[in-house]
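# Sequence and predicted model, in that order:
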Amino acid sequence: MAALSKAHLQRQAEQLVDFVNKSPSPFHAVDVCRNWLRGAQFTELKERQSWKGAIKPNGRYFFTRNGSSIVAFAVGGQFRPGNGVSIVAAHTDSPCFKLKPVSKKTSYGFLQVGVQVYGGGLWHTWFDRDLSVAGRVMVRDKSGGYAQRLVSIDEPIMRIPSLAIHLDRGVSDGFKYNKEVHLTPILATVSKALNGDKSADSQSESGPSHHPVLLERIAKELNVDVAEISDFELCLYDTQKAVIGGICKEFIYSARLDNLNSSYCAMEGLVNSLSDEKAFEQDTNIRMVALFDNEEVGSTSAYGANSSLIESALRRIQASTANSESPTAFEESVANSFMISSDVTHAIHPNYSEKHEANHRPELQKGPSIKVNANQRYATTSVTSTILKDIAKRNDIPLQEFVVRNDSPCGSTIGPMLSAQLGLRTIDIGNPLLSMHSIREICGTDDVGMSVKLFEHFFSEFAALDAKISVD
C-alpha cells in the first residue's frame, strides 16, 4: 500500500462520487466521458466517416455509438499493425425504470407514469424514494432536422408510495408486489395538474402519450417548446446524491455503482497512464477503454457488448494505421491483446455470510477481486490471472478472489461474451459491492483508487510483460 497515498485514495473516491452524480443515465455518463476526454486532448472520431490516415502513433481518440456507449483509445508511439491492444471494458447502464411509450395514466385522482422495468433490480428499494427522470430527448428544429438533447430534472417529481402496514398486516412476513401494478409512480393529483396548461396534449407529437405537466417540465428544462419534442428515452433515478459516509468516511453510498464504479476507474486509469509521455512514446500497444450499454439486459443490442462494436473498432484501427496492406493484422492483434472485464463483485455481507463460499469472501477496502467460474460465467484463466497478479504485486496493489458457492447461481459479465467472440485473452475483476442492484449501493472508498492504479499500471506495463509470457 506504500504506493497509494491517502490523498490519492481520497481524491479518487471524491471524483467517483462526482462522476455518478453527473450521470443519472447512460447518455449522461457517456457525455461526461466525452467532455473528460476532450479535456485530455483526445480527438473525437465518427463511425460514419473514414478513419483512413486519421489514426497515428502517439494519438488519442474516441468515438461514441448511440450516445450510450463509448470507446476511447491511445496509440503507442511504437505501435505497428498487428500489435496488441490493452483493453479495459465495463458498462454504463444500471437496473432502473424506463418510461413506457404511452406513459400517461390516471387513477383515483392521481396522475401516474407508466414504466417498464429494466434489468434485474431490487425493486422494493425503489418504494418511498424521491424520484425524477433523466435521459435523451429528440428535439425537432425549425428547419425540420432532429437533434439529441440530454435532460435531467434535478428535483423530486414523482414517488412510488408503499402501502401502510395497517392495510397489509402480512407485509412483515414477506413484501410482495406486482411489477405492472404496484411499481407505478405518482406524478401529481388531477386537481393540481388541471390548474396547469393543458394545451401541451395537442402541441407535441408525444402529447397524447404523456401527461402535459410532464412534457411541459421537460420542455422547460431544455428551453424548447413542447411542440418541438419528438420522442424521448427517459429513465427514473433517485435524486438523493451519492455521498461518502460511514463513521470513518470509508464508504460510498450511491446509486448506479454497478457499474459506473468500473466505468470511472477505467477511464481515469487510461487518462492517468498517458501522463508519462516518454513512456507512452515507447509503448508498442494501443491502450483502450470500452464502455457498453445494455449489459443489464444481456448486451444484445447495436451498442451492447454482444454487437460488432469492439470488433469493428479493432478492425478499423488496424486498417487505418497500416502503412501497407496487412491481410492478417486484425487476427495478429487479437492474439497479442488482453482485456480486463471490469464489473463489480459481491462483497461479503456480515448479516448473510453464509451466502459466500468459505474461502472466497471479498471485503470492502481490500482491493478489487478476481472473479473465477469453472462453468465460464467469468472469463478468467490461470494465464490471465497470472498477468494481472504480476502487475498488481509489482505495484503494491492488493487483489482478492471470488468464486460462488456450488449451490448458488452465478451471474455473468461481458467478459465471456467478448472473449468468445474475438478469441481474446480476458480476465474478470471488480470492486466489492454491498446491496448490488439496490437503488442505493455501497462500496469502499479505497477500492476506487486501487482499481484506478491497477488499470493505470496495466495500460503502461502490459506490453512489456506480455513479451515474457509463453502460452499458445
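Noted; the coordinates are in hand.
# so the closest residue to Ser412 other than its chain neighbours, which of the three states?
Counting by C-beta to C-beta, 6 or more residues apart in numbering, Arg377 is the residue found nearest to Ser412 once chain neighbours are left out, at 4.4 Å. To be clear about C-beta, it is placed using only N, CA and C from the backbone, and glycine gets the same treatment. Put simply, Arg377 is coil when judged by DSSP: H, G, I helix; E, B strand; the rest coil.
# now Ser172
helix.
# who's in contact with His45?
You called it His, but residue 45 is Leu. Trp51, Ala54, Tyr61, Phe62, Phe63 (C-beta atoms under 8 Å, 6 or more residues apart in numbering).
# try Asn406
Asn406 neighbours (C-beta under 8 Å, 6+ apart): Glu357.
# With the one 5 residues further on instead?
If you count contacts by C-beta under 8 Å, 6+ apart, Gly411 has them with Arg377.
# now with 10 Å?
For Gly411, the contacting residues are Gly120, Asp343, Thr345, His346, Lys371, Asn373, Arg377, Tyr378, Val404, Met436, His437, by C-beta atoms under 10 Å, 6 or more residues apart in numbering.
# What of Ala290?
So Ala290 contacts 69-73, 85, 87-91, 266, 305, 309-310, 313-314, 339, 341, 414, 418 (C-beta under 10 Å, 6+ apart).
# where's it, which helix or strand?
For Ala290, the host element (DSSP states H and E) is strand 286-292.
# Pro156 too?
With DSSP H and E as the test, Pro156 turns up in no helix or strand.
# Determine the number of other residues adjacent to it.
For Pro156, the neighbour count with other C-beta atoms under 10 Å is 13.
# you'd agree it is up against Gln240?
Yes: with contacts counted by C-beta atoms under 10 Å, Pro156 reaches Gln240, the gap being 9.0 Å.
# any common contacting residues for the two?
Joint contacts of Pro156 and Gln240 (C-beta under 10 Å, 6+ apart) are Arg129, Asp130, Leu131.
# what pairs with Ala147 across the strands?
Val139 (DSSP bridges).
# who's in contact with it?
Val137, Met138, Val139, Arg140, Asp141, Glu228, Ser230.
# Kindly provide the distance from Leu364 to Asp447.
7 Å (C-beta to C-beta, to the nearest Å).
# should've said Val88
Applying C-beta to C-beta to Val88 and Asp447 gives a distance of 16 Å.
# what does Val372 give?
From Val372 to Asp447 the distance is 19 Å (C-beta to C-beta).
# Looking at these two, which has the bigger crowd around it?
The neighbour comparison of Val372 against Asp447 (other C-beta under 10 Å) goes to Asp447, with 33 against 19.
# helix or strand for Leu236, which one?
strand 229-238.
# And the next helix or strand past that strand?
Next along from strand 229-238, by DSSP H and E: strand 243-245.
# quick one: low-confidence parts of the stretch 1-150 of the chain?
Residue ranges of the stretch 1-150 of the chain with pLDDT under 70: 1-3.
# related to what we said a few turns ago, which ones among the contacts of Leu45 are found in strands?
Per DSSP state E, strands hold the following members of the contacts of Leu45: Tyr61, Phe62, Phe63.
# where along the stretch 151-300 of the chain do the helices fall?
With DSSP state H, counting those that start in this stretch as the criterion, the stretch 151-300 of the chain has helices at 190-193, 200-203, 212-222, 257-273, 277-281.
# Turn the ones you listed into CSV, columns for mean neighbour count.
Below are these laid out as CSV (neighbours: other C-beta atoms under 10 Å):
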stretch, mean neighbour count
helix 190-193, 12
helix 200-203, 18
helix 212-222, 20
helix 257-273, 26
helix 277-281, 13
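# In this structure, where's the longest strand?
strand 96-107.
# CA atoms only for it, dumped as CSV, please.
Below are the C-alpha coordinates for strand 96-107, written out as CSV (Å, rounded to 0.1, in the frame of the first residue of the first chain):
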residue,chain,number,x,y,z
CYS,A,96,-33.9,1.1,-13.4
PHE,A,97,-37.4,2.0,-14.6
LYS,A,98,-37.9,3.4,-18.1
LEU,A,99,-40.9,5.4,-19.2
LYS,A,100,-43.3,3.5,-21.5
PRO,A,101,-44.1,4.9,-25.0
VAL,A,102,-47.5,5.7,-23.6
SER,A,103,-46.9,6.6,-20.0
LYS,A,104,-50.0,8.7,-19.2
LYS,A,105,-52.1,7.0,-16.5
THR,A,106,-54.8,8.4,-14.2
SER,A,107,-56.2,6.6,-11.2
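# And that strand, what does it pack against?
strand 110-118, strand 131-140, strand 186-189, helix 190-193, helix 212-222, strand 229-238 (3 or more C-beta pairs under 10 Å, 6 or more residues apart in numbering; DSSP states H and E).
# Now do the buried residues in that strand.
Cys96, Phe97, Lys98, Leu99, Ser103, Lys104, Lys105 (16 or more other C-beta atoms under 10 Å).
# same question, stretch 238-258
Buried-residue list, stretch 238-258, by 16+ other C-beta under 10 Å: 238-239, 242, 244, 250-258.
# ditto for stretch 288-307
Going by 16+ other C-beta under 10 Å, stretch 288-307 has these buried residues: 288-296, 299, 301, 303-307.
# Show me where the stretch 151-300 of the chain dips below the pLDDT cut-off.
196-207.
# For Cys96, give its distance to Leu122.
Cys96 is 12 Å from Leu122, by C-beta to C-beta.
# Residues in contact with both of those two, list them for me.
What both Cys96 and Leu122 touch, as defined by C-beta under 10 Å, 6+ apart, is the set Ile439.
# ranges for the helices of the stretch 351-472 of the chain?
Using DSSP H, counting those that start in this stretch, helices in the stretch 351-472 of the chain cover 382-394, 414-422, 445-466.
# The longest one: which residues count as buried?
Across helix 445-466, burial judged by 16+ other C-beta under 10 Å covers 445-463, 465-466.
# Mind checking the pLDDT average for that helix?
Mean pLDDT, computed over helix 445-466, is 97.
# Pull the distance from it to the chain's centre.
For helix 445-466, the gap between its own C-alpha mean and the chain's C-alpha mean amounts to 19 Å (C-alpha atoms, centre = their mean, to the nearest Å).
# ditto for stretch 170-187
With C-alpha atoms, centre = their mean, you get 28 Å for stretch 170-187.
# first to last residue in that stretch, what's the distance?
Criterion C-alpha to C-alpha, to the nearest Å; first-to-last residue distance in stretch 170-187 is 28 Å.
# Pull out the buried positions in it.
Residues of stretch 170-187 classed as buried under the neighbour-count rule (16+ other C-beta under 10 Å) are Leu183, Thr184, Pro185, Ile186, Leu187.
# circling back to that earlier point, in strands, which of the contacts of Ala290 appear?
Those of the contacts of Ala290 lying in strands (DSSP E): 69-73, 85, 87-91, 339, 341.
# Of these, which is the nearest to Phe330?
Val85 (10.4 Å; C-beta to C-beta).
# Could you count how many residues lie near that closest one?
When neighbours are counted by other C-beta under 10 Å, Val85 comes out with 27.
# just Pro327 next, same as before
8.
# Helix or strand: which one has it?
Going by DSSP H and E, Pro327 is not part of any helix or strand.
# okay, it: pLDDT?
On the pLDDT scale, Pro327 gets 87.
# Sticking with Pro57, tell me its helix or strand.
Using DSSP H and E, no helix or strand contains Pro57.
# Enumerate every residue touching it.
Counted by C-beta under 10 Å, 6+ apart, Pro57 has contacts 74-80, 280-281, 283-284, 286, 321.
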